[in-house]
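Novice: Could you look at this predicted model? Sequence included:
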Amino acid sequence: QVQLVESGGGLVQPAGSLRLSCLASGFSFGDSSMAWYRQAPGKEREFVAAIGNFGIALRHADSVRGRFTISRDNRKNTVYLQMNSLNLEDTAVYYCGAGSKVWSGNPDYWGQGTQVTVSS
């Protein structure tokens, strides 16, 4: 059974930082591209960042480039999203996705999401 379990969300002040984690199981993590997406209230889900199975290929959305960094540890079956310089517009539910089509926003598997709230 495939599982993607996100953690690390919470309440943070503007300009603060958070690191999200997504623990994967039930499939060959080391063979899979991984990605993060987010959905803000009243908006559609959007792509945030993706990483190839070896951790070499990377892509970040324009809205987060320079502030967020995706990474992975294949020994721990975990993908991370380091988020710095958070602002109010980053408030959203953040989802982890897995599969070859994560780059186009169509992962095979989704996590349940973790809430990130940026507020003073």
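Specialist: Here it is on my side, so go on. Numbers count the residues shown, from 1 in each chain.

Novice: Which residue, other than its chain neighbours, is closest to Gly52?
Specialist: Of all residues not flanking Gly52 in the chain, Ser33 sits nearest, at 5.3 Å (CB to CB, 6 or more residues apart in numbering). The C-beta positions use only the backbone N, C-alpha and C, and glycine is treated the same way.

Novice: what do you get for Val116?
Specialist: Closest residue to Val116 apart from its sequence neighbours, by CB to CB, 6+ apart: Gly9 at 4.8 Å.

Novice: how near is that neighbour to Arg65?
Specialist: According to CB to CB, to the nearest Å, Gly9 stands 21 Å off from Arg65.

Novice: These two: which is more packed in?
Specialist: Counted by other CB atoms under 10 Å, Gly9 and Arg65 do not tie: Gly9 has more neighbours, with 18 against 11.

Novice: My understanding was that that one contacts Ala92; is that so?
Specialist: No - counting by CB atoms under 8 Å, Ala92 is not a contact partner of Gly9; they are 9.6 Å apart.

Novice: Mutual contacts of these two, please.
Specialist: Contact criterion CB atoms under 8 Å, 6 or more residues apart in numbering; residues shared by Gly9 and Ala92: Val116.

Novice: Could you measure from the residue positioned nearest the centre of the chain over to Asn106?
Specialist: In the chain, the C-alpha nearest the mean C-alpha coordinate belongs to Trp36, at 2.6 Å (CA atoms, centre = their mean). Applying CB to CB, the value for Trp36 to Asn106 is 14 Å.

Novice: hey, what's the residue lying closest to Gln112 once chain neighbours are set aside bridged with?
Specialist: With CB to CB, 6+ apart as the measure, Glu6 is the residue that lies nearest to Gln112, at 6.8 Å, once sequence neighbours are left out. On the basis of DSSP bridges, Glu6 is bridged to Cys22.
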